[in-house]
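Participant: sequence and computational prediction follow.
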Amino acid sequence: MNEMHLKFLSRSENEIFARNVVAAFALPLNPTLDELSDVKTAVSEAVTNCIVHGYRACEGWITLVCRTDGDTLHIEISDDGRGIEDVEQALMPFYTTLPDEERSGMGFTIMQTFMTTFSVVSEAGRGTTVRMSKQFGARATEDAR
């Protein structure tokens, strides 16, 4: 088992940083390129949500925690921003609170699709936490059948 914690400002340039840090952290689990791409995409979506929706026009902290357990990578990404009033509604494909900014409303759907497990906990005015995991290797393929 291994674990890392990272805290960074909600700036758009830090989205690339976060996805690359998580990818590097996952390398000892020997993911395929497709698995690594799935993780990087999910992390990008989660961090972008913190920046765009959690903090909107202001800056705040994003916390990233990663842990490995056997062949599984666990990721937690959280902010202390605006929070989500209705998580169930936010999880609906194509739902967005910012339609004027050409947001597709597919961030949570992408995270759910690319990861093995996924959950969102949020409280309006207090922030949001996304937890997701990705199981790597042959067992993940067998479990999907």
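Facilitator: Perfect, thanks for sending it.
Participant: can you give me the helices in this structure?
Facilitator: Secondary structure of the chain by DSSP state H: the helices cover 13-26, 33-49, 87-90, 107-114, 138-144.
Participant: next, the buried residues of the first one.
Facilitator: So the one you mean is helix 13-26. Neighbour counts over helix 13-26 (16 or more other C-beta atoms under 10 Å) mark 14-15, 18-19, 21-23, 25-26 as buried. All C-beta spots, glycine's among them, are computed from the backbone N, C-alpha and C.
Participant: ok, now stretch 41-56?
Facilitator: Neighbour-count burial for stretch 41-56, counted by 16+ other C-beta under 10 Å, picks out 41-55.
Participant: end to end on it, go ahead and measure it.
Facilitator: Stretch 41-56 has an end-to-end distance of 21 Å (criterion: C-alpha to C-alpha, to the nearest Å).
Participant: just stretch 68-75 next, same as before
Facilitator: End-to-end for stretch 68-75, by C-alpha to C-alpha: 9 Å.
Participant: repeat for stretch 19-36
Facilitator: End-to-end distance (C-alpha to C-alpha), stretch 19-36: 10 Å.
Participant: so, low pLDDT: which residues of this structure?
Facilitator: For the chain, the stretches with pLDDT under 70 are 93-105, 138-145.
Participant: just give me how far stretch 14-21 sits from the chain centre.
Facilitator: For stretch 14-21, the gap between its own C-alpha mean and the chain's C-alpha mean amounts to 11 Å (C-alpha atoms, centre = their mean, to the nearest Å).
Participant: for residue 30, grab the count of nearby residues.
Facilitator: Residues near residue 30, counting by other C-beta atoms under 10 Å, number 11.
Participant: okay but it is in contact with residue 137, surely?
Facilitator: Yes: Residue 30 is within contact range of residue 137, at 7.1 Å (criterion: C-beta atoms under 8 Å).
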